[in-house]
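Colleague: Sequence first, then the predicted structure:
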Amino acid sequence: MSLNLHLLRLFATVVQTGSFSRAAEILSISQPAISKGVRDFELQVGCRLLDRTRKGVRPTREGQALARHAETLFAAERAAEDELRSLRSLDSGSLRVGASTTIATYMIPEYLGIFHRTYPGIDLHIVTANTRDIADLMARHEIEIALVEGPVEDDSLVSEPWRTDVMSLIVGPLHRFASSKGPVDCRELEQEILIVREPGSGSREVVTQALAAQRVEPLRTLEIGGTEAIKQAVAAGVGVSIVSTVAVADQVRLGRLNVIPLKDLRIERMLWQLKTPGRLDIPAATAFERMIREPVGEQAERKRAQVRLRRD
């Protein structure tokens, strides 16, 4: 037997108020409608739920048991409504952002800071994984924002261009390429140990395709699951690698890595935002997407302008 939730609400309100008339006022319906609804509900459940006396009404033993369950049920309903209300605002709630490793480490931290300062009531949850894993999380609706390094073929997702990333060859300071006076022929890489990311990584796919197009096949490859570990291995002289230029700026400034241009080969890749067709974005996701579509410098300038306006 399925309980009629509308009639259950009528019954629970009568029990709560102890009166048909007061229940009618609270629910903004007529008293005869309340009375009829409770009678219909008693017929549905097959027992008397209320004892009607001159002093009002009181629940029977069966009515008391049902009223307890009704209280729990409608409390859960109110909690759900409160959570949905918070998700529809920017005052509270949460935002789950998934990003492949390079993006999470080097490209969005400043945006996360700006978002947190702008919407301090929103709890941020960041998931870092490779492109395939982030796509799976988005398809299962476990994250609201998905930013990845490689194209994704998934019928349940739409890939939208986010920004272009330039990839560069990096070597250690003692490597033979470090003293080169100009661009290095990409065929020279065939004599090197090329350090690559793990399978499923968008950057690995881009590098592999670019070298294959030039018919370049490195002598050996070494697989390391993470850009930071790759940078350390290259700096130590283990091999060379091709990684996002933004990921090595710190080590280049310290002199631990050298960026070497390749002759007749420029490797660029499109970074992507994944979306689920038909999914309604929560306001926090919409606000974050609006932020990441602008350069960080423009975001900072806008915030400074807002501060100046408040001071004036």
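Modeller: Noted; the coordinates are in hand. Residues are numbered from 1 along each chain as shown.
Colleague: can you tell me which residues contact the spatially closest residue to Leu10 that is not a sequence neighbour?
Modeller: Leaving out its chain neighbours, the residue that sits closest to Leu10 by Cβ to Cβ, 6 or more residues apart in numbering is Gly37, at 4.1 Å. For the C-beta atoms, the positions are set from N, CA and C on the backbone; glycine is no exception. For Gly37, the contacting residues are His6, Leu7, Leu10, Phe11, by Cβ atoms under 8 Å, 6 or more residues apart in numbering.
Colleague: from those residues, which two are the most distant?
Modeller: His6 and Phe11 (10.0 Å; Cβ to Cβ).
Colleague: between these two, which one's more packed in?
Modeller: Counted by other Cβ atoms under 10 Å, His6 and Phe11 do not tie: Phe11 has more neighbours, with 27 against 11.
Colleague: Look at Ser179 and say how many residues are nearby.
Modeller: Residues lying near Ser179 (other Cβ under 10 Å) number 9.
Colleague: Break down the stretch 101-250 of the chain into its helices, ranges please.
Modeller: 101-102, 109-118, 131-139, 202-213, 227-235, 249-253 (DSSP state H, counting those that start in this stretch).
Colleague: Including mean pLDDT and distance to Pro283, could those helices go into CSV?
Modeller: Listed next are the helices of the stretch 101-250 of the chain as CSV, based on pLDDT from 0 to 100; distance: least, Cβ to Cβ, whole Å:
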stretch, mean pLDDT, distance to Pro283
helix 101-102, 86, 28
helix 109-118, 94, 12
helix 131-139, 92, 18
helix 202-213, 90, 29
helix 227-235, 95, 32
helix 249-253, 93, 34
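Colleague: Please tabulate the ones you listed in TSV, including the columns mean neighbour count and distance to Leu124.
Modeller: Converted to TSV, these look like this (neighbours: other Cβ atoms under 10 Å; distance: least, Cβ to Cβ, whole Å):
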stretch	mean neighbour count	distance to Leu124
helix 101-102	26	18
helix 109-118	15	6
helix 131-139	22	15
helix 202-213	19	23
helix 227-235	19	22
helix 249-253	14	24
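Colleague: closest to Arg290 out of those helices?
Modeller: Nearest of the helices of the stretch 101-250 of the chain (Cβ to Cβ): helix 109-118, 10.0 Å.
Colleague: Output the contacting helices and strands for the closest one.
Modeller: Helices and strands touching helix 109-118, as assessed by 3 or more Cβ pairs under 8 Å, 6 or more residues apart in numbering; DSSP states H and E, comprise strand 123-129, helix 283-292, helix 296-311.
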